[in-house]
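> Kindly return the folded structure for what I paste below:
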Amino acid sequence: MMNVVLGIDTSCYTTSVAILDEQGQLIADCRRILSVKAGKRGLQQSEMVFQHTRNLPELFLQAWPDKPICFTAIGVSAFPRPLPDSYMPAFLVGEGYAKVLALSQDIPLYRISHQENHVFAGLWSAGGPVASSFLAVHLSGGTTEIVRVANNASAPDSRRLSIDILGGTRDIHAGQLVDRIGVLLGLTFPAGPRLEALAAESHEQAIKIPLTVREACVSFAGPETHIRKLAAQGIAPAIIAASVELCIAKAVTAMIKQAISRTGLTDVLLVGGVTANQFIRKYLCDQLAEPLHAKLYFPQPGYSPDNATGAAYFALTSQY
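Numbers count the residues shown, from 1 in each chain. From the prediction side, this is the model:
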């Protein structure tokens with residue numbers, strides 16, 4: 001019988017289940033993006049809870065291996081951020097399943113935040129950073145932050161990670177900018193992959209959007225207004241999409257430069273669905289890797305968006 005660990009993540013727009021073996025090899029990774037009606041830009045928490053409750057049994061069935069397995073631990077995203085008052089109903093669904101399974105199997109349950117889940121998924125997929133302290137950029141529909149991460153591998157629980165915010169957004173998030181403009185252009189929500197495909201042939205024509213980044217903090221509300229005006233003027237959707245990518249890439253570059261200047265840390269882990277974008281990845285590497293000697297760590301593109309591998313990996317490494 002094979003010993004394995006289970007990870008569960010029920011975020012705002014994805015239900016995820018992952019299984020790793022004792023060596024950290026992926027046994028199963030099953031996800032389902034929550035359904036959002038055409039033209040809409042999101043879901044209410046009650047609808048998220050309903051869809052997660054419906055999705056999880058089916059994903060467990062998909063994830064279950066053909067060979068006999070024995071769960072030794074479970075990791076679950078139980079709240080959005082590693083703060084005492086961090087709470088969101090969507091995470092209660094995954095946490096409830098995890099509690100029942102851990103109790104029935106008499107195995108440890110490890111609760112972490114959704115943000116920590118992203119960081120551990122990044123560490124698992126990218127193979128680093130291995131430094132005790134590093135920078136992490138978390139870009140998604142619900143988070144735009146650059147943080148300093150201190151990794152104390154000897155700590156027994158989620159205190160292994162100390163996360164201090166260095167900067168972020170003053171208003172809307174990078175993923176919200178992508179989704180709002182994507183929906184404006186007629187793309188379905190969430191719009192990231194479709195906006196990237198739309199922009200693919202138009203990067204040379206991308207329009208520079210006015211942008212301000214101070215003390216590693218950015219505002220995307222102004223750029224959104226500017227981009228909407230461009231769309232109203234009849235600028236081609238592909239050029240609008242490329243301009244959104246360029247805007248975010250320039251903003252994140254400035255945030256990282258300012259954080260490096262402030263902390264002296266040059267190892268940077270980039271997580272969250274927005275960081276799966278290949279144009280943004282290349283732009284960051286061109287602007288930061290050689291000029292600043294920054295070492296950028298990107299997960300495989302499939303492990304940048306919401307997934308449960310980070311919770312599983314945290315459960316695995318917490319046992320030893």
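
> C-alpha from now on. contacts and neighbour counts both.
Fine.

> Quick check: phi and psi on the residue nearest to the spatial centre of the chain?
When C-alpha atoms, centre = their mean is applied to the chain, the residue found nearest the centroid is Gly272 (2.2 Å). The phi/psi pair for Gly272 (degrees, to the nearest 10) reads phi 100, psi 150.

> next one: Pro57
When read as degrees, to the nearest 10, the backbone of Pro57 gives phi -60, psi -40.

> Buried residues in stretch 89-105, which are they?
For stretch 89-105, burial by neighbour count (16 or more other C-alpha atoms under 10 Å) applies to 89-95, 98-99, 101-102.

> nope, stretch 73-85 is what I meant
73-82.

> Then stretch 38-58?
Going by 16+ other C-alpha under 10 Å, stretch 38-58 has these buried residues: 41-42, 47-49, 51-53, 55-56.

> All the strands of the stretch 101-250 of the chain, in order from the start?
Assigned by DSSP state E, counting those that start in this stretch, the stretch 101-250 of the chain shows strands spanning 109-113, 133-139, 144-151, 161-169, 213-214, 217-218.

> Kindly reformat those strands as JSON lines and extend each row with mean pLDDT, mean neighbour count and distance to Leu187.
Compiled in JSON lines, the strands of the stretch 101-250 of the chain are given as follows (pLDDT from 0 to 100; neighbours: other C-alpha atoms under 10 Å; distance: least, C-alpha to C-alpha, whole Å):
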{"stretch": "strand 109-113", "mean pLDDT": "96", "mean neighbour count": "23", "distance to Leu187": "30"}
{"stretch": "strand 133-139", "mean pLDDT": "98", "mean neighbour count": "24", "distance to Leu187": "20"}
{"stretch": "strand 144-151", "mean pLDDT": "95", "mean neighbour count": "22", "distance to Leu187": "22"}
{"stretch": "strand 161-169", "mean pLDDT": "95", "mean neighbour count": "19", "distance to Leu187": "24"}
{"stretch": "strand 213-214", "mean pLDDT": "98", "mean neighbour count": "16", "distance to Leu187": "28"}
{"stretch": "strand 217-218", "mean pLDDT": "98", "mean neighbour count": "24", "distance to Leu187": "25"}
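
> still on that earlier bit, among the buried residues of stretch 89-105, which are in helices?
Among those, the members falling in helices (DSSP state H) are 90-95, 98-99, 101-102.

> from the residues you listed, which is closest to Ala236?
Ala90 (37.1 Å; C-alpha to C-alpha).

> Quick check: that closest one vs Ile172, distance?
Going from Ala90 to Ile172 by C-alpha to C-alpha, to the nearest Å gives 21 Å.

> With Ser77 instead?
To Ile172, Ser77 is 23 Å away according to C-alpha to C-alpha.

> got the buried residues for the helix or strand harbouring Arg31?
Using DSSP states H and E, Arg31 sits within strand 26-33. For strand 26-33, a neighbour-count test (16+ other C-alpha under 10 Å) marks 28-33 as buried.

> give me the beta-bridge partners of the residue nearest to Leu270 when sequence neighbours are not counted?
Nearest non-adjacent residue to Leu270, counting by C-alpha to C-alpha, 6 or more residues apart in numbering: Val137, 4.8 Å away. Per DSSP bridges, the residues bridged to Val137 are Ile146, Leu270.

> I'd guessed Val137 sits against Ile146; true?
Yes - counting by C-alpha atoms under 8 Å, Val137 touches Ile146, with 4.4 Å between them.

> Describe which strands the longest strand along the chain pairs with in its sheet and in which direction.
In the chain, with assignment by DSSP state E, the single longest strand is strand 69-79. With DSSP bridges as the test, strand 69-79 is paired with strand 2-10 (parallel), strand 109-113 (parallel).

> now those strands in CSV, with distance to Gln176?
Listed next are these as CSV, based on distance: least, C-alpha to C-alpha, whole Å:
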stretch, distance to Gln176
strand 2-10, 19
strand 109-113, 21
